[in-house]
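Asker: Quick check, what structure comes out for this input:
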Amino acid sequence: MIDPAAEAVLRAEHLAKTYDEGAGRVEVLRDVNLAVYPHEMIAVVGASGSGKSTLLHLLGLLEEPDEGRLWIAGQAATGLDERRRSRLRNQTLGFVYQFHHLLPEFSALDNVAMPLIVRRMARAQARERAAAMLDQVGLAARAAHFPGQLSGGERQRVALARALVTRPVCVLADEPTGNLDRHTADAMFALLTRINQDLGTAFVIVTHDPALAALAHRRFHMQAGLLAEDTQEAG
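Answerer: As a prediction, this is how the structure comes out:
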């Protein structure tokens, strides 16, 4: 349930993005508007090439829009130099991808602690917080295991813990269950829902999976660079 008095943790207004391709230019995003509130889970669906991943790149400060403005946690996020954009991204956002991108030479615990260590948090404190987050995702007993010793679903839960350990206002997830079988994907759905409810973390999830999209509070459809909200009641 959205608190009508709450400030959006992420707000995009009139975002547009165009790329050069061969002899011409391709308009990938057109006049995209989106507001994401605390405790909210949003799903974005659409065909491949419709602009979903580009949208996540802009929301995640991995690219700059050609037009429009973006605010994250109340802070203006467009027009920043790379250093300030990187700092805002690291302070406010978490990321989960279809492939876990864990570092194979580090344990689950140290993979989760890594974003905090990069921030120069004391290693002992970082590992303590990482252990607590692994417990949140049900993997406390697997903290000492390396990615190669974990199942696909366990590796994705470690990746989720890593995204959450910095206590972001919003997690951006690009096909977080796309590499999982149906049973494991269902377990991941349940975990995302519980984290959203228990921690209040907002999620923006790009997915092809209608079952995952149905869990969201609001659903959006991306087509030819345009983002439109599904007006049917969501989960």
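Asker: What pLDDT does the model give the residue positioned nearest the centre of the chain?
Answerer: Per Cα atoms, centre = their mean, the C-alpha nearest to the average position across the chain is that of residue 172, at 1.4 Å. Here the pLDDT value assigned to residue 172 is 93.
Asker: give me every residue that touches it.
Answerer: With contact set as Cβ atoms under 8 Å, 6 or more residues apart in numbering, residue 172 has these partners: 56, 59, 60, 93, 94, 95, 96, 203, 204. Quick note: C-beta positions are derived from backbone N, CA and C, even for glycine.
Asker: which SSE is the last one in?
Answerer: In this case it means residue 204. Under the assignment given by DSSP states H and E, the secondary-structure element containing residue 204 is strand 202-206.
Asker: Adjacent strands (with direction) for that strand?
Answerer: Using DSSP bridges, strand 202-206 pairs in its sheet with strand 41-45 (parallel), strand 170-174 (parallel).
Asker: can you give me the mean pLDDT across it?
Answerer: Rounded mean pLDDT across strand 202-206 is 91.
Asker: Contacts for the helix or strand where residue 31 lies, please.
Answerer: In this structure, residue 31 is located in strand 24-36 according to DSSP H and E. Outside of strand 24-36, the residues that reach it under the criterion Cβ under 8 Å, 6+ apart are 8-20, 42, 51, 54-55, 58-59, 65, 68, 170, 202, 204, 220, 224-227.
Asker: Could you tell me the phi and psi values at residue 54?
Answerer: Comment: the main-chain dihedrals of residue 54 come out as phi -60, psi -40, following degrees, to the nearest 10.
Asker: rewinding a little: which of the contacts of residue 172 fall in strands?
Answerer: Residues from the contacts of residue 172 lying in strands, with DSSP state E as the criterion: 93, 94, 95, 96, 203, 204.
Asker: Let's verify residue 102: helix, strand, or coil?
Answerer: Look at residue 102: counting by DSSP: H, G, I helix; E, B strand; the rest coil, its state is coil.
Asker: List the contacts of the closest residue in space to residue 111 that isn't next to it in sequence.
Answerer: Spatial nearest neighbour of residue 111, chain neighbours left out: residue 102 (4.9 Å); criterion: Cβ to Cβ, 6 or more residues apart in numbering. With contacts taken as Cβ under 8 Å, 6+ apart, residue 102 has the following neighbours: 108, 111, 147, 155, 158, 159, 162.
Asker: So which of these wins on neighbours?
Answerer: When neighbours are counted as other Cβ atoms under 10 Å, the busiest of the contacts of residue 102 turns out to be residue 108, with 29 neighbours.
Asker: pretty sure it is touching residue 145, no?
Answerer: Yes: applying Cβ atoms under 8 Å, one finds residue 108 in contact with residue 145, separated by 5.6 Å.
Asker: ok so, going back, buried subset of the contacts of strand 24-36?
Answerer: Applying 16 or more other Cβ atoms under 10 Å to these, the neighbour count classes 8-13, 15-17, 42, 51, 54-55, 58-59, 65, 68, 170, 202, 204, 220, 225, 227 as buried.
Asker: ok, residue 119 - how many residues close by?
Answerer: Other residues within reach of residue 119, judged by other Cβ under 10 Å, total 12.
Asker: before we move on, what about residue 28?
Answerer: Burial of residue 28 is recorded as 21 neighbouring residues (other Cβ under 10 Å).
Asker: Quickly note the distance from it to residue 79.
Answerer: With distances taken as Cβ to Cβ, to the nearest Å, residue 28 is found 20 Å from residue 79.
Asker: One more: residue 147?
Answerer: Counting by Cβ to Cβ, the gap between residue 147 and residue 79 amounts to 38 Å.
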